[in-house]
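Colleague: only the shape, not the letters, is given here:
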């Protein structure tokens with residue numbers, strides 16, 4: 001039997017992938033984060049499925065549930081919000097399953113930053129303005145950030161920064177990024193992206209903290225800072241340029257075998 005780490009998407013139940021929904025429908029046991037995963041998704045589970053809300057479970061208790069379901073002969077859905085590849089805490093679960101000899105697979109999901117970009121109606125990589133996106137967070141009461149990954153260091157790149165798990169520290173984010181981006185740099189906050197109560201705040205590094213405070217946003221949101229958020233004048237992508245040489249997209253010639 002297999003444990004499936006499934007990305008549930010950013011919030012809207014219909015943003016789970018087709019593969020994710022089909023896998024969920026085939027698993028007799030489902031562990032889900034009740035505070036983050038929409039309840040509507042649980043309707044995809046078999047009617048007699050065992051549903052376990054992990055909101056109050058620690059890592060050892062979650063692992064024990066996964067292993068017990070596997071040993072009972074059941075496929076297990078481990079439903080995570082967003083995409084399992086970013087800030088999902090699946091790495092430590094995988095490490096424990098490896099030690100226990102329990103097989104697992106990963107089903108990707110729509111990440112929160114992608115849903116936030118959709119809400120803003122923005123491409124995050126704009127030709128001649130910015131081609132790099134940094135996904136990060138801040139450390140306070142959470143696990144410490146590795147050396148060289150603090151905002152002051154990352155901000156020197158000038159790239160678009162997307163901050164998860166940082167809503168309670170918006171003023172700190174502004175203070176650390178302003179010297180590198182400037183007070184007039186576009187900034188945005190998207191809370192509850194893709195959900196009916198989605199909230200979008202647009203401003204600059206100078207104004208965004210006040211907007212967050214007035215709106216009372218404390219969690220389930222991302223902060224975005226970067227020039228691509230406000231880009232209007234920029235060159236067209238070379239991919240679709242009329243002047244691009246027609247042969248540029250063709251694969252390199254391969255000499256025939258002798």
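Modeller: Perfect, I can see it now. Treat the numbers as computed from the prediction; the structure is a model and nothing was measured. Residues are numbered from 1 along each chain as shown.
Colleague: now residue 57: closest residue in space, sequence neighbours ignored.
Modeller: Spatially, and ignoring its direct neighbours in sequence, residue 57 is nearest to residue 65 (7.4 Å; CB to CB, 6 or more residues apart in numbering). Every C-beta, even on glycine, is put in place using the N, C-alpha and C of the backbone.
Colleague: count of residues packed around that neighbour?
Modeller: 18 (other CB atoms under 10 Å).
Colleague: need the residue closest to the centroid of the protein.
Modeller: residue 111 (3.3 Å; CA atoms, centre = their mean).
Colleague: how about the contacts made by it?
Modeller: Neighbouring residues of residue 111 by CB atoms under 8 Å, 6 or more residues apart in numbering: 7, 10, 82, 83, 85, 86.
Colleague: any idea how far it is from residue 55?
Modeller: Using CB to CB, to the nearest Å, residue 111 is found at 21 Å from residue 55.
Colleague: over to residue 64?
Modeller: Separation of residue 64 from residue 55 (CB to CB) stands at 16 Å.
Colleague: for the two, indicate the residue with more neighbours.
Modeller: residue 64 (14 against 11).
Colleague: secondary structure element for the more buried one?
Modeller: For residue 64, the host element (DSSP states H and E) is helix 59-71.
Colleague: tell me which helix or strand comes right after that helix.
Modeller: Counting by DSSP H and E, what follows helix 59-71 is strand 76-80.
Colleague: average model confidence for that next one?
Modeller: Confidence over strand 76-80, taken as the mean pLDDT, stands at 96.
Colleague: list the buried residues in whatever helix or strand comes next after that strand.
Modeller: Per DSSP H and E, the first helix or strand lying C-terminal to strand 76-80 is helix 90-100. Across helix 90-100, burial judged by 16 or more other CB atoms under 10 Å covers 90, 93, 96, 97.
Colleague: so where do the strands sit in the stretch 1-150 of the chain?
Modeller: Using DSSP state E, counting those that start in this stretch, the strands found in the stretch 1-150 of the chain span residues 3-7, 29-32, 50-53, 76-80, 104-107, 133-137.
Colleague: among the ones you listed, which is the most enclosed?
Modeller: strand 76-80 (a mean of 28; mean count of other CB atoms under 10 Å).
Colleague: centre of the chain to that one, how far?
Modeller: Here strand 76-80 is found 16 Å from its chain centre; the criterion is CA atoms, centre = their mean, to the nearest Å.
Colleague: that one pairs with which strands, and in what direction?
Modeller: Strand 76-80 sits in its sheet next to strand 3-7 (parallel), strand 29-32 (parallel), going by DSSP bridges.
Colleague: tilt between it and helix 90-100?
Modeller: Angle of strand 76-80 versus helix 90-100, following axes from the mean of the first three to the mean of the last three CA atoms, to 10 degrees, is 160 degrees.
Colleague: so the closest residue to residue 92 other than its chain neighbours versus residue 86, what's the distance?
Modeller: Using CB to CB, 6+ apart and skipping the chain neighbours, the partner closest in space to residue 92 is residue 59 (6.2 Å). For residue 59, the distance to residue 86 equals 18 Å [CB to CB].
Colleague: these two: which has the busier surroundings?
Modeller: Using other CB under 10 Å as the criterion, residue 59 and residue 86 rank with residue 86 on top: 16 against 12.
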